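Colleague: Any chance you could fold what I've pasted below:
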Amino acid sequence: MNTEKTPKRKPGRPRKASSLSFDSLAGAALYLKCPIEVIKAAKKAGCPAFRSGRIYIEEVKAWLETNEADEESILSKERLQCRKLLAECQAKELQNEIEAGKYISLSHVKITLSDWAIEVSRKVSKLPIDKLILDQIFEIMRTSSQTAETALEKSGEQNEL
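Modeller: Numbers count the residues shown, from 1 in each chain. Have a look, this model is predicted:
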């Protein structure tokens, strides 16, 4: 029998450069100085460097050089996911503020303005004012009401965009 022992390697150092491997996508991405999404895309595309729960660095490098993962599209997908998540958060915050009473609906504002205009019209019509002046007051109220309604509609359209 052979009684010679192989020398032990120093802890934390790989055996050979070709056998350098990681057990996580994050570790491989950190070592390769690339986004983790590139490593994920390589795995999904069938890169042979992913075996037995390990990622073999030299094989990933070689595969990436020959297959050139589309980093820009991977990163743009990530950006889109971030934008979607941000929009969902903003929508939820707005919904919470509406429920807390910080905002009122456009229809509520329209109804309130309409009720106000009707009440003012009733009170003004009871005043002892010349018919011509009364007609001018009602015209001013009508145009003001139309202007306010137009402004509210434009505001509502902008909020819907």
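Colleague: how long is stretch 26-40 end to end?
Modeller: 10 Å (CA to CA, to the nearest Å).
Colleague: For it, buried residues please.
Modeller: 28-29, 31-32, 34, 36-39 (16 or more other CB atoms under 10 Å). All C-beta spots, glycine's among them, are computed from the backbone N, C-alpha and C.
Colleague: Just to be sure, which of the residues you listed are found in helices?
Modeller: When these are checked against helices (DSSP state H), the matches are 28-29, 31-32, 36-39.
Colleague: May I see those organised as a markdown table, with distance to G53 and pLDDT added?
Modeller: A markdown table is the format used below for those (distance: CB to CB, whole Å; pLDDT from 0 to 100):
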| residue | distance to G53 | pLDDT |
| --- | --- | --- |
| A28 | 12 | 93 |
| A29 | 16 | 91 |
| Y31 | 17 | 93 |
| L32 | 18 | 90 |
| I36 | 17 | 86 |
| E37 | 20 | 83 |
| V38 | 19 | 85 |
| I39 | 14 | 88 |
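Colleague: Show me which pair in these is furthest apart.
Modeller: Using CB to CB, these reach their maximum pairwise distance at Y31 and E37, which is 15.5 Å.
Colleague: so which of the ones in helices among the buried residues of stretch 26-40 would you say is closest to E97?
Modeller: Checking those one by one against E97 (CB to CB), the nearest turns out to be E37, at 34.1 Å.
Colleague: That closest one contacts Q81, doesn't it?
Modeller: No: with contact defined as CB atoms under 8 Å, E37 does not reach Q81; the gap is 10.2 Å.
Colleague: Which residue ranges of this structure form strands?
Modeller: Under the criterion DSSP state E, the chain contains strands at 21-22, 50-51, 54-56.
Colleague: Now render the ones you listed as a markdown table, adding distance to C89, mean pLDDT and mean neighbour count.
Modeller: Converted to a markdown table, those look like this (distance: least, CB to CB, whole Å; pLDDT from 0 to 100; neighbours: other CB atoms under 10 Å):
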| stretch | distance to C89 | mean pLDDT | mean neighbour count |
| --- | --- | --- | --- |
| strand 21-22 | 33 | 92 | 20 |
| strand 50-51 | 34 | 92 | 15 |
| strand 54-56 | 33 | 94 | 20 |
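Colleague: would JSON lines of the ones you listed with distance to T112 be doable?
Modeller: JSON lines is the format used below for the strands of the chain (distance: least, CB to CB, whole Å):
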{"stretch": "strand 21-22", "distance to T112": "64"}
{"stretch": "strand 50-51", "distance to T112": "64"}
{"stretch": "strand 54-56", "distance to T112": "64"}
